[in-house]
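# give me the fold of what follows.
(one chain, ligands or ions: 4)
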Amino acid sequence: MLLFVSVCLVLCWAAAEARPNIIIILADDLGWNDVGFHGMNQIPTPNIDALAYSGIILQNYYVNSMCTPSRAALMTGKYPIHTGMQHSAIRASEPWGLPLSEKLLPQFLKELGYKTHLVGKWHLGHYKKAYLPMNRGFDTHLGTYGPKIDLYDHTNMDLGTWGFDFWRGFEHADDLFGQYATDIYTEEAIKVVKAHNKSEPLFLMVSHSAMHSGNPSEYLRAPDEVIDRFQYINDTQRRKYAGMLAKLDESVGMVVKSLQEYGLLENSIILFSTDNGGAARCDHNVASNHPLKGVKNTLWEGGVRGAALLWSPVIKYPSRVANQTFHLVDWLPTLYSAAGGNISVFENIDGFNSWEALINDLPSQRTKIVHNIDDVYGSAAITVDNWKLLKGTNFQGRRDDWFGPTARDGAYNIDTIYNSSSAEAIGKIAKMPTKDNITRLKEESTIKCNDSIPITPCDLLKAPCLYDIMVDPCEKQNLASGKPEVLQALLLELDKVNKTAVPPLKIKPVPEADPKHWGRLVTTFGEANTSLSIVKLK
Ligand SMILES: *[C@@H]1O[C@H](CO)[C@@H](O)[C@H](O)[C@H]1NC(C)=O
Ligand SMILES: *[C@@H]1O[C@H](CO)[C@@H](O)[C@H](O)[C@H]1NC(C)=O
Ligand SMILES: *[C@@H]1O[C@H](CO)[C@@H](O)[C@H](O)[C@H]1NC(C)=O
Ligand SMILES: *[C@@H]1O[C@H](CO)[C@@H](O)[C@H](O)[C@H]1NC(C)=O
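Numbers count the residues shown, from 1 in each chain. Ligands and ions are numbered 1, 2, ... in the order given. Here you go, the predicted structure:
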């Protein structure tokens, strides 16, 4: 008994001491094909690519199709249909949020001794103080509450309202007015890393405002001198997008570099992920999901298949394309398990612990993904094994097509990857893969549509469509009429899942929230006001 206790004292202490730092870098509305490692050659992303090639590329990786549902899935390990977050995103003037009954990733990590920091965008509710990040598990927050901002003036224009949305904890950070948001986030993340006590584990989430469009005055913004590097891109919007992406990539490199400088990198797990598919066609955005069909806020692969990578020194056989099927809801148990937690603490979650599967390249438990069921829009999609069913659509079908630039022309300069800040930092503790390996990895993770597959019409306004995603990732051939038994089985499965859904919490904007009543701030407008003129959608 004594021996056992003393062994545990040593081992348990060692286990606690070894808890890895967890860094999540979340990009906003970044397209599948907006990273070099998926085949894009137009805009260099050497810092992101260096992590991808020396870690693992998450190839069968799925997200929700919009910001709020995606962030809710990541934080709770539950599908949005199980938290009421399945319909649309929270607008700045809407009095709702991720239910306070939900316990979130940073809260779970805090119980394991983590220090928790959110830098950047929240977007899970702000109308009352209780919904703000520092009341939901984060020790500190610098960034925005709502959906999007102008990257320089930090205001959000929406439905005729206009308000400032940049915060240091509960105080508005107007001292940062005019500074480029990506730079602010980079600086803050480095400050957190520098100040962190190494004998405690760190959870740092850098949740970027880029690549989301800002305000109509100028949707896409980046420093002029950075945009000017991309004169070879003829499309003005795409040139600005390139400037934003270059700043995002630079930020990733600077954060990785600081982790190395302050001795945290060798015990870190870094997840880089988009929150949803690229938003081509939305607010003059020009993201590329090429060659995937659809965009943000559609359930086509372009909306739900996400660009992501995982980097950590504990990954066995790094530098590979990981084909485990993975959904955002899996991160809660996966990261908790990586942190040495016992996942039996989770009740009623939809996520699987895929930690061992990812780091040891074993099959994961996930074979099915409920992409969403939104009875307000009347759209739903589910994937079971290789089969994907889509039923109903959003935007009256206007985005059920292939949009955005291919961005595949041009040369890919591997030297820029080795010369990146990420690669320099990684090189100090691990090996970067060879040029041949980089070329092979890029080739493997570049999706090509199967040219021998014909385009078979699909009109989701009339009937559900069925695709074999393994052979037809571009969703060209609708097999609904050819495979009626598969179609029927998936429709039944969807009905079964829908019975477990809770009603959507989405509420229309209320006039009381207008920032003009609140000193031009996007703020906790519902705090003292119990009589908001709430209009339920359903
Ligand atoms: C760092 O954390 C350890 C463990 O919690 C604590 O004992 C130590 O006092 C901390 N050091 C500083 C400088 O705060
Ligand atoms: C960009 O515009 C220039 C001048 O009109 C043209 O020569 C060039 O081919 C264009 N490049 C692309 C990639 O379209
Ligand atoms: C992943 O690759 C392995 C080996 O190539 C294969 O057996 C398996 O079916 C693949 N799984 C998925 C989900 O693609
Ligand atoms: C996790 O917790 C459960 C329930 O308390 C327990 O039965 C199990 O042994 C624990 N697993 C580990 C690996 O500690």
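# so what's residue 86 up against?
Shown in contact with residue 86 (Cβ atoms under 8 Å, 6 or more residues apart in numbering): 69, 79, 80, 372, 373, 374, 501, 504. Every residue, glycine included, has its C-beta placed from N, CA and C.
# of those residues, which is the nearest to residue 415?
Of all the contacts of residue 86, residue 415 sits closest to residue 69, with 39.6 Å by Cβ to Cβ.
# and that closest one, that one's in a strand?
No - the assignment for residue 69 by DSSP: H, G, I helix; E, B strand; the rest coil gives helix, which leaves it out of any strand.
# number of nearby residues for it?
Under the neighbour criterion other Cβ atoms under 10 Å, residue 69 is assigned a count of 28.
# skipping adjacent residues, who's closest to it in space?
In space, not counting the residues next to it along the chain, residue 69 is nearest to residue 80; the distance is 3.9 Å by Cβ to Cβ, 6 or more residues apart in numbering.
# the one you found: how many residues sit nearby?
Using other Cβ under 10 Å, residue 80 has 31 neighbouring residues.
# and residue 495, by the same measure?
The burial metric for residue 495, expressed as a neighbour count using other Cβ under 10 Å, is 11.
# tell me the spacing between it and ligand 1.
Look at residue 495 and ligand 1: by Cβ to the nearest ligand atom, to the nearest Å, they are 51 Å apart.
# and if you look at residue 154?
Residue 154 is 32 Å from ligand 1, by Cβ to the nearest ligand atom.
# nearest residue to that residue in space, ignoring adjacent ones along the chain?
For residue 154, ignoring the flanking residues on the chain, the nearest one in space by Cβ to Cβ, 6+ apart is residue 166 at 3.8 Å.
# can you get me a residue count around that neighbour?
Neighbour count of residue 166, defined by other Cβ under 10 Å: 25.
# and residue 231, by the same measure?
There are 8 residues near residue 231, going by other Cβ under 10 Å.
# with the one 5 residues further on instead?
For residue 236, the number of neighbouring residues by other Cβ under 10 Å comes to 12.
# list the contacts for it?
The neighbours of residue 236, taking Cβ under 8 Å, 6+ apart as the test, come to nothing; the list is empty.
# now do it against residue 273, distance only.
When Cβ to Cβ, to the nearest Å is the yardstick, residue 236 and residue 273 sit 28 Å from each other.
# in this structure, which spans are helices?
Secondary structure of the chain (DSSP state H): helices at 2-17, 46-54, 67-76, 105-111, 181-195, 224-227, 236-261, 301-304, 331-338, 355-360, 414-418, 421-427, 435-445, 484-498.
# tell me the contacts of the residue nearest to residue 69?
With contact set as Cβ under 8 Å, 6+ apart, residue 80 has these partners: 64, 69, 72, 73, 86, 372.
# pLDDT score for it?
In the predicted model, residue 80 carries a pLDDT score of 98.
# and for residue 23?
For residue 23, the model assigns a pLDDT of 99.
# residue 302 now?
Residue 302 is assigned a pLDDT of 98 by the prediction.
# go on, residue 6?
In this model, residue 6 is scored at 50, pLDDT.
# and the residue of the chain at minimum distance from ligand 3, how far from residue 310?
Ranked by Cβ to the nearest ligand atom, the top residue of the chain for proximity to ligand 3 is residue 323, at 3.7 Å. Going from residue 323 to residue 310 by Cβ to Cβ gives 13 Å.
# look at those two and report which has more neighbours.
Looking at residue 323 and residue 310 with other Cβ under 10 Å, you find the greater number of neighbours at residue 310, namely 26 against 17.
# give me every residue that touches the closest residue to residue 461 other than its chain neighbours.
Nearest non-adjacent residue to residue 461, counting by Cβ to Cβ, 6+ apart: residue 397, 5.2 Å away. Contacts for residue 397 were tallied using Cβ under 8 Å, 6+ apart; they are 459, 460, 461.
# show me which of those are buried.
Neighbour counting with 16 or more other Cβ atoms under 10 Å marks residue 460 as buried within those.
# let's have the contacts of residue 397 in CSV, adding distance to ligand 3.
Formatted as CSV, those follow (distance: Cβ to the nearest ligand atom, whole Å):
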residue, distance to ligand 3
459, 29
460, 25
461, 31
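# out of the contacts of residue 397, who's nearest ligand 1?
Closest approach between these and ligand 1, by Cβ to the nearest ligand atom: residue 460, at 54.4 Å.
# ok, that closest one - contacts?
Counting by Cβ under 8 Å, 6+ apart, residue 460 touches 379, 390, 391, 392, 393, 397, 400.
# ok, now which ones touch the residue in the stretch 351-500 of the chain that ligand 1 sits nearest to?
Residue nearest to ligand 1 within the stretch 351-500 of the chain (Cβ to the nearest ligand atom): residue 429, separated by 22.4 Å. Applying Cβ under 8 Å, 6+ apart, one finds that residue 429 lies in contact with 260, 265, 266, 313.
# what is the neighbour count of the second one?
So that's residue 265. Residues lying near residue 265 (other Cβ under 10 Å) number 24.
# okay, and for the stretch 301-450 of the chain, where does confidence drop off?
For the stretch 301-450 of the chain, no stretch has pLDDT under 70.
# can you count the residues close to residue 101?
Look at residue 101: counted by other Cβ under 10 Å, it has 6 neighbours.
# spit out the contact partners of the residue nearest to residue 154.
Taking Cβ under 8 Å, 6+ apart as the contact definition, residue 166 lies against 143, 144, 149, 154, 172, 173, 174, 176, 177, 181.
# distance of the fourth one relative to residue 509?
To tie it back to what came earlier, the one meant is residue 154. 20 Å.
# higher neighbour count, the two?
More neighbours surround residue 154 than the other of residue 154 and residue 509, with 26 against 18 (other Cβ under 10 Å).
# pLDDT value on that one, please?
In this prediction, residue 154 carries a pLDDT score of 98.
# equivalent analysis for residue 18, please.
Residue 18 is assigned 78 on the pLDDT scale.
# right, and it touches residue 338 too?
No - contact status for residue 18 versus residue 338: not in contact, 11.0 Å apart, counting by Cβ atoms under 8 Å.
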